[in-house]
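In: here is my input, please return the structure:
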Amino acid sequence: MTRREAREYVLQALFQYEFTRSVSTRQEIQEWLVYKSPSDDILEFIEDIIGGVIKNMTEIDGIIQSVSKNWELQRIASVDRNIIRFAVYELLYRADIPAAVTINEAVDIAKKYSTVESFSFINGILDTIARDNAPNNAKNSNPRKELKQ
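Out: Presented below is the predicted three-dimensional model:
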């Protein structure tokens with residue numbers, strides 16, 4: 001399983017969380033991804049992103065709201081909102097992932113799961129956040145630098 005596939009799963013989990021307020025356990029993640037055979041590194045990556053977004057959602061949403069001029073957070077489509085959330089988490093808390101990689105992954109996932117116009121909106125939001133808030137000095141004091149991009 002690749003990090004791209006892991007991010008796609010993260011999107012699904014965050015989308016589900018938004019409606020149910022329940023978080024998947026490692027066992028549920030493994031059951032959901034049984035045919036993907038994720039490595040322990042990928043499972044840790046998934047858990048970190050989901051848990052980190054949920055733990056820091058108020059801060060993340062505030063940052064998104066501050067740069068999404070003329071758009072209330074709840075007006076942003078749920079798929080787009082959750083793509084932006086996990087990407088903002090990576091930008092702010094994962095020093096081991098270059099901002100350009102995070103933005104590219106988010107844009108490509110938006111092209112796959114959202115509307116034709118969404119990817120440019122997401123790109124603009126993330127580019128602004130990366131430039132203003134995350135000059136590769138993530139807040140997480142223990143990034144997993146050994147994980148592969």
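In: quick check: which element contains the most centrally placed residue in the chain?
Out: Against the mean C-alpha coordinate of the chain, by CA atoms, centre = their mean, the closest residue is F86 at 1.6 Å. Following DSSP states H and E, the helix or strand that holds F86 is helix 78-93.
In: I49 too?
Out: Following DSSP H and E, one finds I49 within helix 40-55.
In: can you show me the CA trace of the helix or strand following that helix as PDB?
Out: Next helix or strand after helix 40-55 toward the C-terminus (DSSP H and E): helix 57-67. Output of helix 57-67 as PDB, limited to C-alpha atoms (Å, rounded to 0.1, in the frame of the first residue of the first chain):
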ATOM      1  CA  MET A  57      -9.300  20.200  14.100                       C
ATOM      2  CA  THR A  58     -10.200  23.500  15.700                       C
ATOM      3  CA  GLU A  59      -6.800  24.900  14.900                       C
ATOM      4  CA  ILE A  60      -6.800  23.400  11.400                       C
ATOM      5  CA  ASP A  61     -10.300  24.700  10.600                       C
ATOM      6  CA  GLY A  62      -9.400  28.100  11.900                       C
ATOM      7  CA  ILE A  63      -6.400  28.300   9.500                       C
ATOM      8  CA  ILE A  64      -8.500  27.100   6.600                       C
ATOM      9  CA  GLN A  65     -11.200  29.600   7.400                       C
ATOM     10  CA  SER A  66      -8.600  32.400   7.600                       C
ATOM     11  CA  VAL A  67      -7.400  31.800   4.100                       C
END
